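Novice: what shape does this take:
(chains A and B)
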Amino acid sequence: MLVTPGTDGRFGDFGGRFVPETLVPACQELEREFAAAWGDDAFRAQLHQVLAEYAGRPSIITECENLGRQLGIRLVLKREDLNHTGSHKINNVLGQALLAKRMGKKRIVAETGAGQHGVASATAAALMGLECKVYMGAIDVKRQALNVFRMRLLGAEVEAVHSGSRTLKDAVNEAMRDWVATVETTHYCLGSVMGPHPYPYMVRQFHRVIGDEARSQMRERYEKDPDVVVACVGGGSNAMGIFSGFVDTDARLIGVEPAGGAAVGRGQPGVVHGMKSYLMQDEFGQVQEAHSISAGLDYPGVGPEHSYLASIGRAEYPTVTDDEVIAAFQLMARSEGIIPALECAHALAWIVRESPHMAGQTVLMNLSGRGDKDVAQMMDILGNSI
Amino acid sequence: MSSAGLLETTLRRVRSEGRKALVPYVTGGSPQWVETVRACAAHGATAIEVGIPFSDPVMDGPVIQEASQLALEAGATPVNIFEQLRVLDVQIPIVVMCYYNTVFHAGHERFAKSLVDAEVCGAIIPDLPLEESGPWCDAADRHNVATVMLAAPTAPDDRLPWVTARARGFVYSVGLLGVTGERQSLAATATLLAARLKAVTDVPVLVGVGVSNAEQAVQACEVADGVIQGAAVVRRMLEGGPEAVGEFVADVRRALDERFPRIKS
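Specialist: Model (predicted):
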C-alpha cells in the first residue's frame, strides 16, 4: 500500500520533478545514488549505527495516563522529541548527510521554518565535516532566535531571507537558488517529504523508522495496532514517517494542518518547489502565504504523498486554529509534564476536539519535537495570563 | 504564416544575414513595462521576452524578483498582461516567460489559446524540464505556440539532443550555473554550452542568464546566434525607465552589428 514511485516520481497524480533544467542531472544522480545506498547493507548499517549511537534511537513510546483519563481515550505518544536535537528531523538529515558524503559533496544547504531542520542539518554537518548554509525566512529568524544562535554555534551560516512572505516557502526558494548555482559541489538537504523526485520518497524512507518502530512498540506493549494515528502536517515529514508504519493497517490516519496553512484542506493541485501537490493559491496560480502560530507549519504546500493519500481517502487532513493550539500546548505541559513543540500541539488540539467521538480508542500521536524553542514565543503570547 | 513559425523564422533570417539576435527581457506588469517594451523594439531588439510575474520565481535573482514583486503589488495578472500585449503592435515577435504553475493553473489548452489571442509567439517555462513538458508541449504545438526549451551547463552530452529536438523557436542556452542577474564577466560555460548545442542542432541557439552588457553579448555571440538580456534591462527600467533601457538596447545592438555586420548578398 505504501507507494514506491517510478522514475516519474509520481504518487498517483502527484509528485514529479518540476525543476530548472540545471538541476535535472543532480536530481537524477540523487535518485540513482539513493537507490544504490538504500540497497547497500553497508550504508544501511552505517545509518543504523549513527541513528542508534548519536540520535538516540529507538525513541520510546509514552502513554499519557492523565490526559487519557481526562479525554476518555488511550493516548500514546511516539517520543521523537527525545531524539538528539529535539525533533524527528535528525532521522532524515543523518541519512542525507551520509548520502552527501557518499556522493563526494563537500557542502549542504538547507531551508528551515521553525529552525528544527536547520539545527539538525547544522548538527549533522558538524558531525560529518560538511560545510552548511541554512536559509530561513526573516520573520522566522525573529521568532526563533534561539535556534538561529544554535545553528551558528554548530558552525552553520544562517541567512535571513527577505523576499516574498519571508517564511518557509521563501527559504525553500532561496535554498533552490543557491543549489542552482552550486550544484556541482553542494547537496540540497531538503527537510521534508516535498520538492522534486526523489526527495518526497527519499525523505519518507529516512523517516519510516518512526512508523516501523512505533508499530512494533504498539504491538509489543498493547498487542494491537492503534485505532487512530495522528500527526501535524506542514510539509508532512513526521506524519509520513509515522503513517508509513500503519498505511496497511486499519488505523485511521490523521494529518492535522493549521487553519491558516491548510494545503490539503483549502488548496488545489498546483506546482511549486519541484512538485505537483495540493497548494494554496489564488485564481491565477499565485502561491498564497500561509499563516500559522507555528513557524514549522507555515507552508502553503504539502508533500505529494499526502495529496495522494488524501485523494484516495486513506488519510484525513482536518485543521485546528491557533487558539486551540495554544490551549493544547498548555494542556500537555500541565497534564503530562511534557512541553510539546507548537507544531505537535496541533495534533493534540485535534485529539482534544475529537476525543468525544473516539471514546475508548487507542490514539497514537507523533510527538515530533519538543517545545523548548517555542517557550519564548509562548511567553510573549500568554504573558501574565498563566 | 503561423505565429509559432514567426519566432523561429525571424531568428533564422537574422542568422542567415550574418547578424545576431538580441532579445531583451521585460517583466510584464512592472512600472512602465509597456513603454519599455516599445523602447526595446524601437532600438533594435529582434524579439522581446515578457515575464509573467510569479510569487515564487526560483530561477530569478534579486533584480527580477523585485520587478516581479512590484508588478504583483500593482495588480498584474496573466490576463491583464495578455490584454496589453494584444494591443501592443510592436512588429517583432513576443515570447512570454512564466513559471509552470501559471500555465498549469490556467490549464494547458486555455493558456495556449490565451497566448495566441494575445499574439504571443512562444513560451519559456524555466521550471518545466523535458520530462514533464509533454502535456504543455502538445497543447502548445496544437496552437502553434513555440515552446522554447532551456539547456543547462550541467546537462551531459547525451541529454542535449533530446532537449533540442523538443525546442521550437530557439534553444535557451543557460549561460552559467545560477539564477538571473548581472555578472562582472561572461562565464566560461556560456560559450562552451552554446558550442555544444550548435553541434547538435540547427535551431537557433541564444544565450541568456548572466549576459550583462554589450561586450559580454558580443563575446557570447562569437558562438551563439544571439543573446537574451534580463537583469541588465530590468535594472535600467527600475532605475531609469524606458529611456535608459532604449539607450542600453541601442548600445548592445550597435556593438553586435559592428562585430557581426549584415552579409551583403
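
Novice: got phi/psi on A:Ala160?
Specialist: When read as degrees, to the nearest 10, the backbone of A:Ala160 gives phi -80, psi 130.

Novice: equivalent analysis for B:Ala21, please.
Specialist: Per-residue torsions, B:Ala21: phi -80, psi 140 (degrees, to the nearest 10).

Novice: what's the burial count for the closest residue to it other than its chain neighbours?
Specialist: With sequence-adjacent residues excluded and distances taken as Cβ to Cβ, 6 or more residues apart in numbering or on different chains, B:Ala21 is closest to B:Gly226, at 2.7 Å. To be clear about C-beta, it is placed using only N, CA and C from the backbone, and glycine gets the same treatment. When neighbours are defined as other Cβ atoms under 10 Å in any protein chain shown, B:Gly226 has 27 of them.

Novice: quick check: residues of chain A near chain B?
Specialist: A:8, A:16-26, A:163-164, A:169-170, A:173, A:176-177, A:180-184, A:268-274, A:276, A:279, A:281, A:284-288 (Cβ under 8 Å from any Cβ of the partner chain).

Novice: how about 7 Å then?
Specialist: With the criterion set to Cβ under 7 Å from any Cβ of the partner chain, chain A comes near chain B through A:16-22, A:24-26, A:163-164, A:169, A:173, A:176-177, A:180-181, A:183, A:270-272, A:281, A:284-287.

Novice: need phi/psi at the closest residue to chain B within the stretch 251-386 of chain A.
Specialist: Nearest residue of the stretch 251-386 of chain A to chain B, counting by Cβ to the nearest Cβ: A:Gly285, 2.9 Å away. Torsion angles at A:Gly285 (phi, psi; degrees, to the nearest 10) stand at phi 80, psi 10.

Novice: stretch B:177-189 and chain A, any residue contact?
Specialist: Yes - counting by Cβ under 7 Å from any Cβ, chain A is contacted by stretch B:177-189 at B:177-179.

Novice: just the buried residues of the residues of chain A next to chain B.
Specialist: Neighbour-count burial (16 or more other Cβ atoms under 10 Å in any protein chain shown) applied to those gives A:16-22, A:24-26, A:163-164, A:169, A:173, A:176-177, A:180, A:183, A:270-272, A:281, A:284-287.

Novice: which members of those occur in helices, if any?
Specialist: Mapping these onto helices (DSSP state H) picks out A:24-26, A:169, A:173, A:176-177, A:180.

Novice: export those to a markdown table and append columns for distance to B:Arg196 and pLDDT.
Specialist: Shown next, in a markdown table, are those (distance: Cβ to Cβ, whole Å; pLDDT from 0 to 100):
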| residue | distance to B:Arg196 | pLDDT |
| --- | --- | --- |
| A:Val24 | 16 | 96 |
| A:Pro25 | 14 | 95 |
| A:Ala26 | 18 | 95 |
| A:Lys169 | 35 | 92 |
| A:Asn173 | 29 | 95 |
| A:Met176 | 25 | 95 |
| A:Arg177 | 24 | 95 |
| A:Val180 | 19 | 93 |
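
Novice: with secondary structure as added columns, please give the residues of stretch B:177-189 next to chain A in a markdown table.
Specialist: Supplementary listing: those in a markdown table, determined by DSSP: H, G, I helix; E, B strand; the rest coil:
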| residue | secondary structure |
| --- | --- |
| B:Leu177 | coil |
| B:Gly178 | coil |
| B:Val179 | coil |
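
Novice: now these in a markdown table, with pLDDT, neighbour count and distance to A:Ala145?
Specialist: Shown next, in a markdown table, are the residues of stretch B:177-189 next to chain A (pLDDT from 0 to 100; neighbours: other Cβ atoms under 10 Å in any protein chain shown; distance: Cβ to Cβ, whole Å):
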| residue | pLDDT | neighbour count | distance to A:Ala145 |
| --- | --- | --- | --- |
| B:Leu177 | 95 | 19 | 33 |
| B:Gly178 | 94 | 22 | 31 |
| B:Val179 | 95 | 27 | 29 |
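
Novice: which of those sits closest to A:Val320?
Specialist: B:Val179 (37.3 Å; Cβ to Cβ).

Novice: identify the residue nearest that closest one in space, chain neighbours excluded?
Specialist: Distances taken as Cβ to Cβ, 6+ apart place B:Gly61 nearest to B:Val179, at 4.5 Å, with adjacent residues excluded.

Novice: in terms of contact, does the one you found touch B:Gly181 like I think?
Specialist: Yes - with contacts counted by Cβ atoms under 7 Å, B:Gly61 reaches B:Gly181, the gap being 3.3 Å.

Novice: quick check: neighbours shared by these two?
Specialist: By Cβ atoms under 7 Å, 6 or more residues apart in numbering or on different chains, B:Gly61 and B:Gly181 have these common neighbours: B:Ala231.

Novice: contacting residues around the residue in the stretch 101-250 of chain A positioned nearest to chain B?
Specialist: Closest residue of the stretch 101-250 of chain A to chain B, Cβ to the nearest Cβ: A:Ala181 (3.7 Å). Going by Cβ under 7 Å, 6+ apart, A:Ala181 touches B:177-179.

Novice: closest one of the residues you listed to chain A?
Specialist: For the contacts of A:Ala181, the residue nearest chain A by Cβ to the nearest Cβ is B:Gly178; the value is 3.7 Å.
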